[in-house]
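Peer 1: Show me the folded form of this:
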Amino acid sequence: MTTLSNLHGRVLEYLIVDSVIKTQSKTILTPNAQSAQDRDIDKPREVNPALLQQLNWATHAFLTKWLEPEFQISQQSSITIDRLPDQNQTDVTDIRITTPKDIVNLSIKHNHAALRHQRPGTTPIHCGYSRNSVEMKQFRQQYQAITKNFKIKAGEVKLFSELAHTLIEKSLYTPVCNLVVEFINSYAHLCASDLFKYLVGSKKYYKIIIDTRTQKLEIQHFTSIQPPKSLRAIVNKQYVELTFDNDWQIAMRLHTASSRLGTSPSLKFDTKALKSLVPSTTISYP
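Peer 2: The predicted structure follows:
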């Protein structure tokens, strides 16, 4: 996630919580939520004014056209709001709203619908293995061997842009994708559920995708998903494609997370659902 994308996401979270507070005077913020709101109070000033207007419109539409009709926020006797940190392992919730009747988990996205932006080097952890497990240690050794070999071939080059794409693909992307696929397929019967929970989320939640380019927001209902029992992974160029037996298909695109090579190349997956059975609601604004 870029710095600008992170800023826009933080501003959206701040605006949504602030709007709920103004709607319901009995709202209580958890210490985490209060700290996050205090931290982000000046962030809207860093956003382009025209975009900030879009985010305010979208927030108002989300609150009045979906959240209030669905959960009657303004009529609740009490509301507690929490803002969760990004490093939660399988809980993708950004904002948790708790009322006497409901627990509403929200994952907030601006102009994208990505599931995760995870690093390939910790694939065994995403599959449910501990950081100190034998599986993780063996995977780390193989991963480091690939990145070391790539650095040798890259020589003294400092920037990825100075390298031929074929070199990056053959010496880095393809070997890393092959390693990830080999691991997943070797443990598919054991890790399907854990990997799915990590990528999609372990709790019931609503993904709120605010698209300021089309002035629409989409609410995806991740509330009743059948967990998988098995999966199959394949390599497709710089993609790892996962097919789960619950009719979900997920693509993980490997890319560089930094323009500089550094001592070890920084890599991430951009993970999206190709096929899912998630119902959604679309709302136009302003």
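
Peer 1: how about the strands in the stretch 151-286 of the chain?
Peer 2: Along the stretch 151-286 of the chain, the stretches classed as strands by DSSP state E, counting those that start in this stretch are 205-211, 216-222, 231-236, 239-244, 249-256, 267-275, 280-284.

Peer 1: Which of the ones you listed sits closest to residue 190?
Peer 2: The closest of these to residue 190 is strand 231-236. By C-beta to C-beta, the value is 10.8 Å. In short, each C-beta sits where N, CA and C put it, glycine included.

Peer 1: sorry, back to before: would you mind putting the strands of the stretch 151-286 of the chain into TSV with mean pLDDT and distance to residue 110 alongside?
Peer 2: Output for the strands of the stretch 151-286 of the chain, formatted as TSV (pLDDT from 0 to 100; distance: least, C-beta to C-beta, whole Å):
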stretch	mean pLDDT	distance to residue 110
strand 205-211	95	5
strand 216-222	95	10
strand 231-236	97	28
strand 239-244	98	24
strand 249-256	97	19
strand 267-275	95	15
strand 280-284	95	15
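
Peer 1: Adding distance to residue 77, write those strands out as a markdown table.
Peer 2: Shown next, in a markdown table, are the strands of the stretch 151-286 of the chain (distance: least, C-beta to C-beta, whole Å):
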| stretch | distance to residue 77 |
| --- | --- |
| strand 205-211 | 22 |
| strand 216-222 | 25 |
| strand 231-236 | 44 |
| strand 239-244 | 41 |
| strand 249-256 | 40 |
| strand 267-275 | 37 |
| strand 280-284 | 26 |
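
Peer 1: wait, which of the ones you listed is closest to residue 134?
Peer 2: Among these, the nearest to residue 134 by C-beta to C-beta is strand 231-236 (20.7 Å).

Peer 1: From the contact counts, what lies against the closest one?
Peer 2: If contacts are counted by 3 or more C-beta pairs under 8 Å, 6 or more residues apart in numbering; DSSP states H and E, strand 231-236 sits against helix 174-186, helix 188-200, strand 239-244.

Peer 1: weakest of the ones you listed by average pLDDT?
Peer 2: With a mean of 94, helix 188-200 has the lowest mean pLDDT of the helices and strands packed on strand 231-236.

Peer 1: elements contacting that one?
Peer 2: helix 123-126, strand 231-236, strand 239-244.

Peer 1: Please identify the deepest-packed of these.
Peer 2: helix 123-126 (a mean of 24; mean count of other C-beta atoms under 10 Å).

Peer 1: Mind listing residues that contact that helix?
Peer 2: Contact partners of helix 123-126, identified using C-beta atoms under 8 Å, 6 or more residues apart in numbering, comprise 118, 131, 133, 135-136, 139, 180, 183-184, 194-195, 198-199.

Peer 1: Could you verify my assumption that residue 279 touches residue 221?
Peer 2: Yes: between residue 279 and residue 221 there is a contact under C-beta atoms under 8 Å: 4.9 Å.

Peer 1: Could you check which of the two is surrounded by more residues?
Peer 2: Ranked by neighbour count (other C-beta atoms under 10 Å), residue 279 and residue 221 place residue 221 first, with 14 against 11.

Peer 1: Buried ones in the lowest-mean-pLDDT helix or strand in the chain, by neighbour count?
Peer 2: Lowest mean confidence among the helices and strands of the chain (mean pLDDT, DSSP states H and E): helix 3-23, at a mean of 91. Of the residues in helix 3-23, 7-17, 19-21, 23 count as buried by neighbour count, 16 or more other C-beta atoms under 10 Å.

Peer 1: And for stretch 131-138?
Peer 2: Along stretch 131-138, these residues count as buried under the neighbour rule (16+ other C-beta under 10 Å): 135, 136.

Peer 1: Now it: average pLDDT?
Peer 2: Across stretch 131-138, the average pLDDT comes to 97.

Peer 1: Same question for stretch 100-119.
Peer 2: 93.

Peer 1: From here on, call the first residue 27.
Peer 2: Got it, the first residue is 27 from now on, which makes the last one we talked about stretch 126-145.

Peer 1: in that stretch, what's buried?
Peer 2: Residues of stretch 126-145 classed as buried by neighbour count (16+ other C-beta under 10 Å): 130, 131, 132, 133, 134, 135, 136, 141, 142, 143, 144.
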